[in-house]
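**Student:** Starting from these lines, generate the structure:
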Amino acid sequence: MMSFTAAVADQRFVLEHVVRIDELAGTPRFAAASADVVDAVLEGVGEFAGGEWAPLNREGDTVGAKWSPDGVHMPASFVKAYHDYVEGGWGTIGVPEAFGGQGLPFAIQTAVLDTLGSANMGFALCPTLTVGAIEALIHHGSPDQQALYLPHLATGAWTGTMNLTEPQAGSDVGALRATARPRGDGTWSIKGTKIYISFGDHDMADNIVHLVLARTPDAPAGTRGISLFLVPKFRLRDDGTPGDFNDVRVVSIEHKMGLHASPTCVLSFGDHDDCIGELIGAEHGGMRAMFTMMNNARLNVGLQGVQIAEGATQKAVGYALERVQSARAGSVVKDPVRIVDHPDVRRMLLRMKAQTQAARALVYYAAGQVDRAGLGDAAARDRLEIVTPLAKAHGTDIGNEVASLGIQVHGGMGYVEETGAAQYFRDARITPIYEGTNGIQAADLVGRKLGLGHNQEGGGAFAALVADMRAEAEHPDLVALIDAVDAIAHRLVTADADDRLAASYPFLTMTSVATCGWLMEREGRHAAGDEAFAVVKRAAVRFYLDQIVPEAMGLRAAATASADVLYAVPAEAFAA
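**Tutor:** Residues are numbered from 1 along each chain as shown. As a prediction, the model looks like this:
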């Protein structure tokens, strides 16, 4: 069986031709992102992930995190591997130098997380959540908070979490009940329960920095009354080191379908009325700060789809190259061959390759827009608003599809846990759900993003994306799909709410495939030569344009249908 190998060649190719990293390196802020530095980062993290994190993927699934009354314990091998991650400086890649980071583009940080998560997605959730906490503090934290916390979060010596969800609220953030009361010294007393907190507790770092949404006294109802608080697991001493326990208790960890290496915690704040937090940003400004975390998290969850797809594809390819079964149909030689030589297995493997590469192109493209927006590019900021729901929803849909195909390539052995193929499917299944379900992403696209920069032509930012795709698209099926997306977008801008929402998911998928097709076609123009990577890239691009793009056109009816059919059935009748 093939061992894990980082997808360095594809990562480098996408950074060059989709992100256009050379343009970013031409700016003063990202001047350090030279080609030799990028190569060193990609190859270095690939060696690290392959040598230390990938071998723990199975143990994370079968052993996983364990709850105890004194907190969550990770397997000893994870503790060592995480310390090595910190020592290697892999968490510092995209953090500004002012806060102890290397100041490289977010797109390079994305590639690092891509490799770590492809090797071990459950483990990689820990630094992924920390990235979101760092972003929130960079944009909304006070200078003191930044100085005290960011250098430790940057290295990963301390980890970060997001605490949004509560038992009664679910995705309705405005219904949360956690409270924050002033203590008279500028700090706040935090009390409440949060659920589904990834890496809410563990024993791999010296401190855990919880970012907690809560209500202050007399706060307005709904989302307008929410504030964001910094609540460390251990309060800091005068010298900035972790000191007294801060009354944050781990009630339990969830028993999940997958991601067993990632402890998903129920956290109780202030059971003994001794949980102290600091306000981040303005009071009642929590939603603005939350969306900084959430938008970062949504891109990184889309990236998790890429990670799962890459890992599942590598496992399926390794099995197909080794498993010998049956003669090839039509061959005069009746000896059994490797299953990679059977047409249907080749179809699945090529689809897995094409979908993985397309999802990587989409997510990395979004990451490049993050960097350009950070440089003050207003058009990139608007483009990022459009492609974030695409990257999150479509990236995770692809992760699930590819993981399922990976089981199919293994045949019956894929359904047996010992092969490890099923783990990818189980780990992937949460990704369309958390950080805003994919249905929420689709609703966001049609409800808010189509009208971004709205004008008589039907939405400035979305129209600009369509125009850019049209300017480059050559494949006739891709051109037809882009035209269909544009026509449906014009209809949805003026449709009533029910019709927009009924059409939202198929429309998001059509838009995502069109965007991926545009980026894949661009990649195909640069995939020259006879080396294995170029051969596979050209085949993947052709498969995507010839087969996957036309499939998306089949969603046109669903994306234009009225919502009436959905409500023709009384709610109780669904139980019939």
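
**Student:** From now on I want contacts and neighbour counts done on CA atoms only, so please keep to that.
**Tutor:** Fine.

**Student:** In terms of secondary structure, what does the lengthiest helix in the chain contact?
**Tutor:** The helix that spans the most residues within the chain, counting by DSSP state H, is helix 286-322. Contact here means 3 or more Cα pairs under 8 Å, 6 or more residues apart in numbering; DSSP states H and E; on that basis helix 286-322 packs against helix 106-119, helix 121-140, strand 226-232, helix 343-374, helix 378-410, helix 421-428.

**Student:** What are the buried residues along that helix?
**Tutor:** For helix 286-322, the buried set under the neighbour-count rule, 16 or more other Cα atoms under 10 Å, comprises 286-290, 292-320.

**Student:** Please apply the same query to stretch 540-553.
**Tutor:** 540-546, 548-553.

**Student:** What ranges in the stretch 51-200 of the chain fall below the confidence cut-off?
**Tutor:** Where the stretch 51-200 of the chain drops to pLDDT under 70, the residues are 169-174.

**Student:** ok so, going back, ok, of the buried residues of stretch 540-553, which one's closest to residue 532?
**Tutor:** Residue 532 lies nearest to residue 540 out of these, by Cα to Cα, at 12.1 Å.

**Student:** what's the burial count for the nearest residue to the closest one once chain neighbours are set aside?
**Tutor:** Distances taken as Cα to Cα, 6 or more residues apart in numbering put residue 354 closest to residue 540, at 4.5 Å, once the chain neighbours are dropped. For residue 354, the number of neighbouring residues by other Cα atoms under 10 Å comes to 25.

**Student:** Please tell me how far residue 354 sits from residue 275.
**Tutor:** 49 Å (Cα to Cα, to the nearest Å).

**Student:** same question, residue 557
**Tutor:** Applying Cα to Cα, the value for residue 557 to residue 275 is 54 Å.

**Student:** Which one's more surrounded, those two?
**Tutor:** A direct count of neighbours by other Cα under 10 Å for residue 557 and residue 275 places residue 275 higher, at 24 against 12.

**Student:** doesn't residue 191 make contact with the more buried one?
**Tutor:** Yes - at 7.1 Å, residue 275 and residue 191 qualify as touching, with contact defined as Cα atoms under 8 Å.

**Student:** which neighbours do the two share?
**Tutor:** residue 269 (Cα atoms under 8 Å, 6 or more residues apart in numbering).

**Student:** Quick one: end-to-end distance for stretch 403-423.
**Tutor:** End-to-end for stretch 403-423, by Cα to Cα: 9 Å.

**Student:** Next: stretch 253-263.
**Tutor:** Terminal-residue distance, stretch 253-263 (Cα to Cα): 6 Å.

**Student:** Next, the buried residues of it.
**Tutor:** The neighbour-count check on stretch 253-263 (16+ other Cα under 10 Å) flags 253-254, 258-263 as buried.

**Student:** which of these sit farthest apart?
**Tutor:** 253 and 258 (12.8 Å).

**Student:** quick one: residue 42 and residue 529, what's the gap?
**Tutor:** Distance from residue 42 to residue 529, by Cα to Cα: 22 Å.
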